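Engineer: Can you look at this prediction? I've put the sequence above it.
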Amino acid sequence: MNIDELVNSITPEVYQNLKTGIELGKWADGRALSAEQKEHSMQAIIAYELKYMSAEERTGYVPPKSHSHCGSDGEIAEPEDQPLKWQ
């Protein structure tokens, strides 16, 4: 099974169980996740979210902060003509 087949086989319920397992460090039945299980579960979650969720919904999303120093989105700030001051 390749990664695409794996992601296509993950249901929302399986996704939530994987995510909860990683968050708690154990499966629903109380067994601890091994390091290998954590790694594979994280990879599956990342691949699932990439395919089925918008960037804002994905785990770890940090919204961009608004700023005024560069102009608005897509706008290129023009340098202002100011004389250099040598000290």
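Structural biologist: Perfect, thanks for sending it. Please read all numbers here as calculations on a predicted model, not as lab measurements. Numbers count the residues shown, from 1 in each chain.
Engineer: ok, longest helix in this protein?
Structural biologist: In the chain, with assignment by DSSP state H, the single longest helix is helix 35-52.
Engineer: residue ranges with poor pLDDT in the chain?
Structural biologist: Low-confidence segments of the chain (pLDDT under 70): 67-82, 84, 87.
Engineer: quick one, helices of it?
Structural biologist: 3-9, 12-24, 35-52.
Engineer: before we move on, back to that, packing partners for the longest helix of the chain?
Structural biologist: Counting contacts by 3 or more Cβ pairs under 8 Å, 6 or more residues apart in numbering; DSSP states H and E, helix 35-52 is packed against helix 3-9, helix 12-24. Quick note: C-beta positions are derived from backbone N, CA and C, even for glycine.
Engineer: Mind listing what's buried along the last one?
Structural biologist: Under the neighbour-count criterion of 16 or more other Cβ atoms under 10 Å, helix 12-24 has 15, 18-19, 21-22 buried.
Engineer: Kindly report the same for stretch 40-50.
Structural biologist: For stretch 40-50, a neighbour-count test (16+ other Cβ under 10 Å) marks 41, 44-45, 48-49 as buried.
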